[in-house]
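> no letters, just coordinates:
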């Protein structure tokens, strides 16, 4: 059992795992066939987080610039791959990874650098104890937003092809013909972040702040960190969405301002 | 004195459906293109309007397609698909000045007050004729017409043919894809057939 400044035992974790029986019960009762995937997902979560703990501990202990840089690179690589996976019709070829990956990397690193150099100022400036978790929180939100933005833009371009070309054949510029679709894609991508900011503290207590409070931090201190993180995430999301959507838009056309839907990959199986 | 409308020609065009395609039309001429479905007639028109990547070049007078800004080219060489798109809520929003088009609407049997209508209210035939009015309203020297009467009854088709042919007096060149041999005979100055990967002049008759 935990007291002030909680120390959880593996028995406590086991007790929490009992709640998965509700999941299992639902799956059996309604024949959802989720029991096996659920067991695999739970085991994966435990293994992944345990490994993460080992890696983070090692990283924090060594405080190596090279190891921190490599960790950041791996995180960005996974973020690009995961984002690409969530887009139903990504750009074909390398651009499918490079556009969302580049946007996420530029936005994530810029925001992280800004936070480390101005607000947190750890010693050394790249201290992995700060850099890695903060980048993780930024990437979690940015990935979703970038996937939503690109997916919305490409799906709209596919669905509205005839209407977009109807404007091109009358001599309108490509950017004018795409304006409403660009706006829709950006709004769709940014709305979850706006909603999150509006709901935070009223409907929902964020996980990071909850974690800090549970480990004995005062709510006032925990809230300050949470505010900073939410604002960093909002800034990074806006920058990444802008870069990703504009990059995709640029590749949906060519120097003759045609609509190049042939540059999209085929439907995922 | 106004300059005469420029001639329209293409040489050695290759589309995804094949090539080379050569074509030349004097100002005010009407060329029809026939050929089996899927042979690439629409792809050829799209290449002429620079809507799809293609090889070879197209000329309007001294202007070379690849050297003219794409939107400027498409303002002069206007492609009208059989089923054109509508991107705004009401009809008039698709025109720069709908009020001046009453004569054209009347000639095509369209209600003069349809500008306030939602696009969803239009029949496919009304949409097709309005898309022709929308393209012609640009005052472009070349119209690329992809089966412009495919959704119309015989009477409306004849009225639309007459209205389109009247554009020739102003020097407008018409490149007209059709599946209707009788229509081609009625409207064409030159009848072409697209087959075996090339454009050939149709046999007389």
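All right, it came through fine. These numbers were taken from a predicted model, which means no experiment stands behind them. Numbering: from 1, shown residues only, chains lettered A, B, ... in the order given.

> which ones are touching residue B:13?
B:19-23, B:44, B:47-48, B:54-58 (Cβ atoms under 8 Å, 6 or more residues apart in numbering or on different chains). Backbone N, C-alpha and C define where each C-beta goes, glycine included.

> so which pair among the residues you listed is furthest apart in space?
B:23 and B:55 (14.8 Å; Cβ to Cβ).

> pull the number of nearby residues for the residue of the stretch 1-150 of chain A found nearest chain B.
Proximity to chain B, evaluated over the stretch 1-150 of chain A using Cβ to the nearest Cβ, is greatest for residue A:92 at 14.7 Å. Other residues near residue A:92 number 13, with proximity taken as other Cβ atoms under 10 Å in any protein chain shown.

> so which residues on chain B come close to chain A?
The interface of chain B toward chain A, taken as Cβ under 8 Å from any Cβ of the partner chain, is made up of B:49-53, B:66, B:70-72, B:74-75, B:78-81, B:83-87, B:131, B:134-135, B:138.

> mind listing what residue A:34 touches?
Per Cβ under 8 Å, 6+ apart, neighbours of residue A:34: A:23, A:26-27.

> also residue A:208?
Counted by Cβ under 8 Å, 6+ apart, residue A:208 has contacts A:137, A:225-226, A:229.

> before we move on, the earlier item: a markdown table for the contacts of residue B:13, including pLDDT, secondary structure and neighbour count?
Putting those into a markdown table (pLDDT from 0 to 100; DSSP: H, G, I helix; E, B strand; the rest coil; neighbours: other Cβ atoms under 10 Å in any protein chain shown) gives the following:
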| residue | pLDDT | secondary structure | neighbour count |
| --- | --- | --- | --- |
| B:19 | 86 | strand | 21 |
| B:20 | 93 | strand | 15 |
| B:21 | 94 | strand | 25 |
| B:22 | 93 | strand | 13 |
| B:23 | 93 | strand | 18 |
| B:44 | 97 | helix | 28 |
| B:47 | 97 | helix | 27 |
| B:48 | 98 | helix | 24 |
| B:54 | 96 | coil | 22 |
| B:55 | 96 | strand | 11 |
| B:56 | 95 | strand | 17 |
| B:57 | 92 | strand | 14 |
| B:58 | 97 | strand | 23 |
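
> quick one on the thing from earlier: export the contacts of residue A:34 to CSV and tack on pLDDT, distance to chain B and neighbour count?
Output for the contacts of residue A:34, formatted as CSV (pLDDT from 0 to 100; distance: Cβ to the nearest Cβ, whole Å; neighbours: other Cβ atoms under 10 Å in any protein chain shown):
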residue, pLDDT, distance to chain B, neighbour count
A:23, 85, 46, 16
A:26, 86, 43, 13
A:27, 84, 45, 16
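
> just these: which are in helices?
A:23, A:26-27 (DSSP state H).

> for those residues, which one is nearest residue A:203?
Nearest to residue A:203 among the ones in helices among the contacts of residue A:34 is residue A:23, at 23.6 Å by Cβ to Cβ.

> does that closest one touch residue A:36 like I think?
No: at 11.8 Å, residue A:23 does not count as touching residue A:36 under the criterion of Cβ atoms under 8 Å.

> can you map out the strands along chain B?
Using DSSP state E, the strands of chain B run over B:8-15, B:18-25, B:30-34, B:55-60, B:63-64, B:77-80, B:142-146, B:173-177, B:190-195, B:198-201.

> quick one: which of the ones you listed is nearest residue A:181?
Here strand B:77-80 is closest among the strands of chain B (Cβ to Cβ), at 21.0 Å.

> just checking, what packs against that closest one?
Contact here means 3 or more Cβ pairs under 8 Å, 6 or more residues apart in numbering or on different chains; DSSP states H and E; on that basis strand B:77-80 packs against helix B:41-48, helix B:124-136, strand B:142-146.

> pull out the buried residues from the contacts of residue A:208.
For these, a burial check counting by 16 or more other Cβ atoms under 10 Å in any protein chain shown picks out A:137, A:225-226, A:229.

> and those residues as CSV, adding pLDDT?
Formatted as CSV, the buried ones among the contacts of residue A:208 follow (pLDDT from 0 to 100):
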residue, pLDDT
A:137, 91
A:225, 86
A:226, 86
A:229, 89
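
> tell me which of the residues you listed is nearest to chain B?
Once Cβ to the nearest Cβ is applied, the member of the buried ones among the contacts of residue A:208 that ends up nearest chain B is residue A:137, at 39.9 Å.

> check which helix or strand covers that closest one.
With secondary structure defined by DSSP states H and E, residue A:137 is part of helix A:128-159.

> what angle do helix B:41-48 and whichever helix or strand comes after that helix make with each other?
Remark: after helix A:128-159, the chain's next helix or strand is helix A:161-168, criterion DSSP H and E. For helix A:161-168 and helix B:41-48, the angle between their directions (axes from the mean of the first three to the mean of the last three Cα atoms, to 10 degrees) works out to 40 degrees.

> and for the closest residue to residue A:130 other than its chain neighbours, the neighbour number?
The spatially closest residue to residue A:130, leaving aside those adjacent along the chain, is residue A:122, at 4.8 Å (Cβ to Cβ, 6 or more residues apart in numbering or on different chains). By the measure other Cβ under 10 Å, the count of residues near residue A:122 is 14.

> helix, strand, or coil at residue A:122?
coil (DSSP: H, G, I helix; E, B strand; the rest coil).

> show me the contacts for it.
A:116, A:129-130.

> which residues in chain A form helices?
Using DSSP H, helices in chain A cover A:10-17, A:20-29, A:35-62, A:65-86, A:95-114, A:128-159, A:161-168, A:174-177, A:179-199, A:207-214, A:219-251.

> in a markdown table: the ones you listed, plus distance to residue B:149.
Below are these laid out as a markdown table (distance: least, Cβ to Cβ, whole Å):
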| stretch | distance to residue B:149 |
| --- | --- |
| helix A:10-17 | 71 |
| helix A:20-29 | 60 |
| helix A:35-62 | 57 |
| helix A:65-86 | 46 |
| helix A:95-114 | 42 |
| helix A:128-159 | 28 |
| helix A:161-168 | 19 |
| helix A:174-177 | 27 |
| helix A:179-199 | 31 |
| helix A:207-214 | 64 |
| helix A:219-251 | 36 |
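
> quick one, which of these is nearest to residue B:174?
helix A:161-168 (19.6 Å).

> what does chain A have sitting close to chain B?
Checking chain A against chain B by Cβ under 8 Å from any Cβ, the hits are A:160, A:162-173, A:177, A:180, A:254, A:256-259.
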